[in-house]
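S.K.: Sequence first, then the predicted structure:
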Amino acid sequence: MSDCIFCMIAKGEIPSNTIFENDNFRVILDNGPATKGHALVLPKNHYADLFEIPEDVVAEAAKVAKTVAGKMKEKLGCDGLNLVQNNGAIAGQTVMHFHLHIIPRYEDDGQRILWKPSSPSAEELVEIKNQIVG
Ligand code: AMP
Ligand code: ZN
């Protein structure tokens, strides 16, 4: 995808603050970070989202995230960490090249990565389960 900004960043065609790189991935600092160290795991090949990315590539993305998460803990001293991965505009995806957010969390960082819980009945939950597995 020649006009995809994350393709260009992942392939090193435009500069980024790279904190990890291997043959298949580049991990960069997000330029609009939620917290100190907020990073993005970018595959070097273009996949729009979780639906498109092959299983083995997403599995490697998880391994890369674990490596970087360890660094965040060791070097930045974060107190916790969120992995976030948005798919589709409705889910908040703004760049249509698969990416996994690594968001280190700190006491009093003022961020909220939450949702509003609902209260389905037991029957409704069973119905949804059946819809998914049926
Ligand atoms: P999402 O909303 O999940 O698609 O996340 C896109 C993320 O990419 C946002 O957190 C942006 O701040 C970040 N972002 C967009 N363009 C760049 C860029 N050129 N360099 C670094 N981060 C970027
Ligand atoms: Zn791309």
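M.R.: Sure, I can see it. Ligands and ions are numbered 1, 2, ... in the order given.
S.K.: Can you mark which positions in stretch 91-111 are buried?
M.R.: Q93, M96, H97, F98, H99, L100, H101, I102, I103, P104, R105, Y106 (16 or more other Cβ atoms under 10 Å). In short, each C-beta sits where N, CA and C put it, glycine included.
S.K.: Among these, which one sits closest to ligand 2?
M.R.: Lowest distance from ligand 2 to these (Cβ to the ion) belongs to H97, with 3.4 Å.
S.K.: Is the closest one in contact with K11, as I believe?
M.R.: No. In this structure, H97 is not within contact of K11 by Cβ atoms under 8 Å, at 11.2 Å.
S.K.: For the buried residues of stretch 91-111, work out which two are farthest apart.
M.R.: For the buried residues of stretch 91-111, the maximum inter-member distance is 30.1 Å, found between M96 and Y106 (Cβ to Cβ).
S.K.: Checking stretch 18-35 against ligand 1, do any of its residues make contact.
M.R.: Yes. Contact of stretch 18-35 with ligand 1 (Cβ under 6 Å from any ligand atom) involves I28, D30, N31, G32.
S.K.: Tally up the residues packed near the third one, please.
M.R.: N31 is flanked by 9 other residues according to other Cβ atoms under 10 Å.
S.K.: does it belong to a helix or a strand, and which?
M.R.: Secondary-structure assignment from DSSP states H and E places N31 in no helical or strand segment.
S.K.: how much space between it and ligand 2?
M.R.: 16 Å (Cβ to the ion, to the nearest Å).
S.K.: Could you give the bridge partners of L100?
M.R.: On the basis of DSSP bridges, L100 is bridged to V41.
S.K.: Name the SS class of the closest residue to A69 other than its chain neighbours, please.
M.R.: The shortest distance from A69 to any non-neighbouring residue, by Cβ to Cβ, 6 or more residues apart in numbering, is to L81 (5.4 Å). When classified by DSSP: H, G, I helix; E, B strand; the rest coil, L81 comes out as strand.
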